[in-house]
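> can't give you the sequence, but here's the structure:
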C-alpha cells in the first residue's frame, strides 16, 4: 500500500527546489566536484541555478554539462530536492538549444552500437577497438577518450542463445509463475553469460522466464539530453512490456541502470504518466530485489553450496538510486562462507557514457580512484558490482575481473549456465 | 530481513543503531539523507543555558523539569552514553576530551566564546583558559572563515588575538573550495608542510594557532601533530558553517562501528508511513523508486531530528505533524504563539519545542499520556518539551537519548 | 554645521525624486537631493516591481491607465536594463465575473492600453501553474522593473552631470521667511552634523511622508499612507505578470521579479508611514486570493512578507482607499497656499515616475525662468558600470545570449558567473552575489549597514534569507571598513550582523512554516550553535533611529 502525505506531492520536479535549505551536504558528497572545479557542485547547478532558469529565455547554463548524473546528491539530500533530475533537465535544455554532438548521438545509441558489433564478427570489431592508433584517431575526430573502457562485443547475443536453447530448466514440474526478463544492451551484446545466470537462477526457483521484444531502455539518450529519442525508446518498451505488467507479471532486470530507467528515470524526466507507463514501473524489479522479496515470503530456494571467499562489492550509484538498500548483500548473506565487503565508495566514475568522453575521462578516473584503491587493497582477484558500465570501469581502473553478483549466486546454486 | 529499524541517521539515530548493533540485533538505519552531523560543530553540548556545570544542571533537571529528555532518562543514562561515546572515539583514534564537570569555552568562527562539554582533541587547544596570544589563520578562498573578524571580537573580550590569511600553495589552486576540499588538502603532507611553514613565519608571540575545522578527514590527529611540529605552536580547529568536517568524521566512525557489528545504513530512503495494532508498530514504508519499500518491524527507534531534521513539519494553517509515523505531537496551540519578536530572544521560539512526548522508556505518548506504541522509542530533537538549541544541549540530548533508546529497545534497560 | 547653496533641492530619494534630479540637471539647473535613509528606502524599494501596462486601471481609473500605458513604452526605451519583458495576463478565474472582461477590453481600447485575447489553452501552456479552470485570458504589456536599479541609474547619471546626492541626510526643518521657503535644515545621520541648504526652490518628493515635510513649513497636505503588504514566494511560480480580470482589489496580482514571485497586495490606511506591522489576517487573505490564480500556492514556500506605504493623495472625501485615484497630483504651494519656493508631488505609480518628475520640473523650471525642454523621455539612461548597482557586462561569449540583450533577463547573473567561472567567489550563493560585487557595494559611500547592502546586491534575499551570507558579509565589511567602536572596542560589523539577522527575522515570521521554517532552524544552528552570535560582545553604542532600528556607522 502506498500512502503519500499531501505535502510530498510535487507539482513537478522543478518545484522540489523549494525544499533546498542550502546546507551544501550534496556539494560535500558530490564525487565530481571533489575532483574537478569545472563542476561547481550539485547545489549550485541544481536548486540554486533553477531559480535563474526561464523556459522562454536562453539558457544561462554551462557547467551543468559536467554533472555526471550519478545521483549521489539525491541520496544524501536531507530535504528531498530532486537535484539530479533538475540537472538532467537543465542539460537537456542546453542540448535542445545547442544541439547534440555527433559523438554523443553515437554513444547514446547503445542498441545500435551493440547490433553493429555483436555476432560472429565480434572478434574483428573488438580487435579494431583495441587497436591503439585507431583509438587515437577516434579520440581526435569523435572525442571518445582513447583509454576509455569500451566493452568487448560478444560473438553471440543473449537473445540468440535464448532463442536456440532446448526446453527451460525449471525444476520440480509446473512453474510457480512467470517472470519477464529485461536484459538490456549489456547482457545482450556484451555479457550474455549474465543473462544466462539470471535465467538459470529464476528457473531454479521455479519461474518460467519470458523474453518479449525489447529495445535499449534509453538511459544513455536521457543522460545525453536527447529527450525526444529517449521518449520513443520508452514508448516502444512500454508497448512491449505493459501487456505483461498489466497482468501482474514481474519484469526483472540485472542491469540496475535499465531497471531504474523503467521504474523512474524515464517516466519522471520525460513526464510520462499513462497507466501503461505506471504499470511497467510498478512491476519492474532489480533481480536481487525480486529474489529478496521471494525470501521474505519464504519462497526462495536456499540450497546453496558453500563459497569460501571474501570479495569487495561495489553498490553502483544506479542501484542506490533505487532506494531499496543492498538486496544483493541481503541475498548473498545466505550463501555459506561467502563474505562481501562493501566498498563504500561513492562512484566508480564512469557514470554511463560520461567517462567515455575525452574531456571527462580524466575526471572520471579521478572520481573512481578511491574505489580502485579500495579494491586493490582488498587483495581480491575479483570485484562484484550490479552495473555493467561500473564493472568495465572497475576492471579498467583496478585491474581485476568484475562480475555481476548474480553470477556468484548461480555458482552457489550450482546451476549450469 | 532486518526488523530492528532506526529512522534517522543523525547523532541520536547513530547512537541508537550502535546500541542495537552491539546487542547483535542487526539494525537497519533508514534515513532520508544525511543528518545534522554534517551541519554542526561536532562537539557535544550537554548544557549551556546558564552558568551551571552540565553535571549540576542534570541533577537539577530531574526535579525542576521532569519532562525534559535528560530527566526522562535520568542523569545516569546520560553519563553512560557519554562514556560509550568517548570509548568509541578512542577506538577510532579521534578521541574526545572534556566531561560533565565544567564546560570548556571555545572560540567560534565569529569570535564569540561558546560552552561545550565534550570536544575532539583537535579542538582542545582552543580552550580560552589556556591563555597567551592566539593567532587565527584562514584562507581567502574559504568563504566561511574570516580571521580578522574573529580576532577583533576575541580582542574585544580581552583575549590577545590576531587574524591573518595564509596563501594556498599554487599546486593546490582551484576555482572553488569547500570545507571538504580543504580537508582533503590537509590530508596531504606536502600541503601541510607548506602551511606549517607559513604558520611559523606568522606566529610571532602566539602560543596557540586557531584554524578552521578542516584539518583532514583521514587522519586529523596526524594533521594537527604535523602542523604543531612545523609551526612551533599548539594548533586547534574552529568549527564553521556547513558542510562540517568534524561532523563528517563522526558520521564515518559511527558508520564503521555500526557495520562492524552487523548493522546496515540505508541513506536516501525516507520513512513516510507506519502501521500498527494493539500498541505495536508492525510495518513501516520507506520511499523508493516506483513504489514504497515495505519493512516488517519488530522494534523501531524514531530519531528524525525535529524541525531541522524534517521529522516535525508545519504548514500555513498551523498544523504540526510528525512525518514518519504520524505520531501525536505536542505543540503550541496557535501559530500566533510560535515566534518571539526578537530573533535572539533568550527563550527562543516556542514552535521548536514541538515534538513527540514520551514516558521514561521513551515510548511515544498520545494526548492523554497513553502509550501509542510499546515497541517504539523516540530520541533526539523529535522529542517534545524543550528547545535544545537555545539550551545549548542539542547534541547532548541527541547522544544521550539515542543511546538510551537503543538500549531500551535492545531490552538491556528495564 | 555645514552650509551649501543650490538652485533646487529635491527632498526624497525614491523614484520620483531621483527622476526629478536627473531631469533638472539635464536642463542645466544646479540641484541636490537629500534622503533620510538609503536610496529607495521608502516606498520605491518596497513595492512588487510591476511595470504597469495600465490594464489594472482601465475601468476604474482611466487617466491613470493612459499614463501608465504611455510611460510603459518610454521606460522600455530609456532604461531597458532595468526592465524584464515578462508580459502580462489578465485572467477570468471561476471566482470572477465574466461580464467584467468585456468592459475591460473596451476600456483598454479607449485608453490606449494594448490588449489581445488569447485562448485559455495558450495561457495555460505559457503558465502551467495557472488555475486550469480559468475562463478567459488576455495578454497585456505588463513588465517587471527593478526600481532600485532604476533609481540608482537616475542618480548616477545626475551625478555625472554635477548633481549632489546626499543620503542619510534627514530633513529636520524647512526655512520659511514670510511667504517664501528658502531652504532646509538637515541632520547628517552619519556624522551627527547639521547641514543647512539654501535653495531657490524645493521639490518635496517624499511620497507617503510628503505631509510630514510640508508640515515643517506650516502647510497641510492630505496624504493618506496606504499600507500594501506583499509576500515573496521562493521561486518564480509564474514568469508572466498575472492579474485577476476584475475591479482592482486585494491580493489579485502575482508579479515575477528577479528570482521570486510576489503575491500582492492589500490596501490599509495607516496613520504614520513609519509605523505599521503585518497581520496574520493580511497574510491569510493574500494566500487565499492567490489560490484563485495558482491553486496550491498557499502550500508553496513563502520567503517573507513586507509592506510599503502608498502615497495616496486625498483631495475630496473618497470612499475606501481603493477609490482614491491612482493618478498623481502636483501641488504648487504658491497657488494653493500662497507660499512660494516649494512644490509637492504626491500620488502616482512607479510606472509614471518619469512623467511625474517631468511635470514637476516643468513647473519649477518655469518659475526659475529656464526654458530648456525636458529630454528624459528620449535620452537613454546608461547602466552604471562603477559602483554596486552595475548592469551585467556585455560579454563576448555568444553562447550567453542573455548577456547581449538590452533588457534584463532572469538568467543574467547566472550567465555572468558561468562566463567568468566565478562560482568560487559567491558570497550570497542564493542570489549569486560575488565577492567583487559585494566589496564594491561595501565601499560605496551610501552604504551604512547590511540592509543597504541587501538593497544594492540582493544579499540575503533568497531562500536562506541571510542564513549563510549575513556572517560572510559582516566579516567582509569588517575587513574593508575596519575599525572598532572607540568606546567598547567592538567591531561595528558585529552590531551590523545582529541587526541584519533581526531585520531578516522580522520579515520572515509572518510567513514562516514548512520548508522556510526548516531553513530558519538550520540558520539557528549556524548562528546560535556554531557561531554563538548571541554571545558576541555587545557594541553598546549604536545609533537607534526612529522606528527603523538601523545602525549608523561611526565616521572615523
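Noted; the coordinates are in hand. What you see is a predicted model; the values in this text were computed from it and never measured. Residues are numbered from 1 along each chain as shown, chains lettered A, B, ... in the order given.
> so how far is chain A from residue B:381?
13 Å (C-beta to the nearest C-beta, to the nearest Å). To be clear about C-beta, it is placed using only N, CA and C from the backbone, and glycine gets the same treatment.
> what residues are up against the residue nearest to that residue when sequence neighbours are not counted?
Closest residue to residue B:381 apart from its sequence neighbours, by C-beta to C-beta, 6 or more residues apart in numbering or on different chains: residue B:306 at 3.1 Å. Residue B:306 sits next to B:312, B:352, B:354, B:355, B:380, B:381, B:382, B:383, C:521 when contact means C-beta atoms under 8 Å, 6 or more residues apart in numbering or on different chains.
> count of residues packed around the residue of the stretch 1-150 of chain A found nearest chain C?
Chain C sits closest to residue A:60 of the stretch 1-150 of chain A, with a gap of 3.1 Å, by C-beta to the nearest C-beta. Residues lying near residue A:60 (other C-beta atoms under 10 Å in any protein chain shown) number 27.
> and if you look at residue B:279?
Other residues close to residue B:279 by other C-beta under 10 Å number 13.
> which element is the nearest residue to residue A:213 once chain neighbours are set aside on?
Using C-beta to C-beta, 6+ apart and skipping residues adjacent in sequence, the residue nearest residue A:213 is residue A:240, 4.8 Å away. Counting by DSSP states H and E, the element that carries residue A:240 is helix A:227-245.
> note down every partner strand of the very next helix or strand once past that helix and its orientation.
Toward the C-terminus, helix A:227-245 is succeeded by strand A:251-253 as the next helix or strand (DSSP H and E). Partner strands and pairing direction for strand A:251-253 (DSSP bridges) are strand A:177-182 (parallel), strand A:284-286 (parallel).
> can you tell me the element the closest residue to residue C:132 other than its chain neighbours falls in?
Distances taken as C-beta to C-beta, 6+ apart place residue C:124 nearest to residue C:132, at 6.3 Å, with adjacent residues excluded. Using DSSP H and E, residue C:124 maps to helix C:120-126.
> go on, residue C:99?
Applying DSSP H and E, one finds residue C:99 within helix C:98-111.
> break the chain down into its structural domains.
By default, I'm working from chain A. Here the domain parsing of chain A from automatic domain parsing is A:8-98, A:309-413.
> hm, I was asking about chain C
C:2-43+C:148-222+C:326-368, C:52-143+C:226-304, C:401-535.
> give the contact list for residue B:354.
B:306, B:307, B:312, B:314, B:320, B:329, B:330, B:331, B:332, B:384.
> of the residues you listed, closest to chain A?
Taking these together and measuring to chain A by C-beta to the nearest C-beta, the closest member is residue B:314, at 9.9 Å.
> for the closest one, give me its contacts.
B:307, B:320, B:321, B:351, B:354, C:513, C:514, C:517.
> just the element for the first one, please.
The one in question is residue B:307. Residue B:307 belongs to helix B:306-309, assigned by DSSP H and E.
> immediately after that helix, which helix or strand?
strand B:312-314.
> neighbouring strands of that next one in the sheet, and parallel or not?
strand B:320-322 (antiparallel).
> so how far is the strand it pairs with off the chain centroid?
Put simply, strand B:320-322 sits 22 Å off its chain's centre (C-alpha atoms, centre = their mean, to the nearest Å).
> same question, stretch C:341-359
15 Å.
> what about it, start to end distance?
By C-alpha to C-alpha, to the nearest Å, the extent of stretch C:341-359 from end to end equals 16 Å.
> show me the shaky parts of chain C.
Across chain C, residues meeting the criterion (pLDDT under 70) sit at C:316-324, C:384-399, C:483-488, C:539-556.
> what are the contacting residues of the next helix or strand after the helix holding residue C:99?
Using DSSP H and E, the helix or strand that follows helix C:98-111 in sequence is strand C:115-118. Applying C-beta under 8 Å, 6+ apart, the external contacts of strand C:115-118 come out as C:55, C:90, C:104, C:105, C:108, C:109, C:136, C:137, C:138, C:139, C:140.
> okay, now the sheet partners of strand C:115-118, with direction.
strand C:136-140 (antiparallel).
> pull out the buried positions in the partner strand.
Applying a neighbour-count criterion of 16 or more other C-beta atoms under 10 Å in any protein chain shown, one finds C:136, C:137, C:138, C:139, C:140 buried in strand C:136-140.
> between those residues, which sits nearest residue C:505?
residue C:140 (37.4 Å; C-beta to C-beta).
> right, and that closest one touches residue C:90 too?
Yes: using C-beta atoms under 8 Å, residue C:140 makes contact with residue C:90 at a distance of 6.2 Å.
> before we move on, back to that, now the two most distant members of the contacts of strand C:115-118.
C:109 and C:137 (17.4 Å).
> residue in the stretch 251-400 of chain C nearest to chain B?
residue C:298 (5.4 Å).
> sec struct for that residue, please.
Taking DSSP: H, G, I helix; E, B strand; the rest coil as the rule, one finds residue C:298 in the helix state.
> report the contact partners of it.
Taking C-beta under 8 Å, 6+ apart, one finds B:316, C:287, C:288, C:290, C:291 in contact with residue C:298.
> got any residues that touch both of residue C:140 and residue C:90?
If you check residue C:140 and residue C:90 against C-beta under 8 Å, 6+ apart, the residues they both contact are C:55, C:115.
> ok so, going back, got the contacts of strand C:115-118 as CSV, with distance to residue A:332 columns?
Formatted as CSV, those follow (distance: C-beta to C-beta, whole Å):
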residue, distance to residue A:332
C:55, 68
C:90, 64
C:104, 70
C:105, 71
C:108, 72
C:109, 76
C:136, 63
C:137, 60
C:138, 65
C:139, 62
C:140, 65
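> of all the residues you listed, which comes closest to residue A:140?
Looking across the contacts of strand C:115-118 and measuring by C-beta to C-beta, the closest to residue A:140 is residue C:139, at 51.2 Å.
> can you name the residues that contact that closest one?
Taking C-beta under 8 Å, 6+ apart, one finds C:87, C:88, C:89, C:115, C:116, C:117, C:118 in contact with residue C:139.
> which non-adjacent residue is nearest the second one?
Spelled out, that is residue C:88. Computed as C-beta to C-beta, 6+ apart, the closest residue to residue C:88 that is not its neighbour in sequence is residue C:142, at 2.6 Å.
> what is the neighbour count of that neighbour?
27.
> that one against residue C:241, yeah?
Yes: in terms of C-beta under 8 Å, residue C:142 counts as a neighbour of residue C:241; the distance is 3.8 Å.
> joint contacts of these two?
C:50, C:86, C:87, C:88.
> closest to chain B out of the residues you listed?
Distances from chain B to the shared contacts of residue C:142 and residue C:241, taken by C-beta to the nearest C-beta, are shortest for residue C:50, at 24.7 Å.
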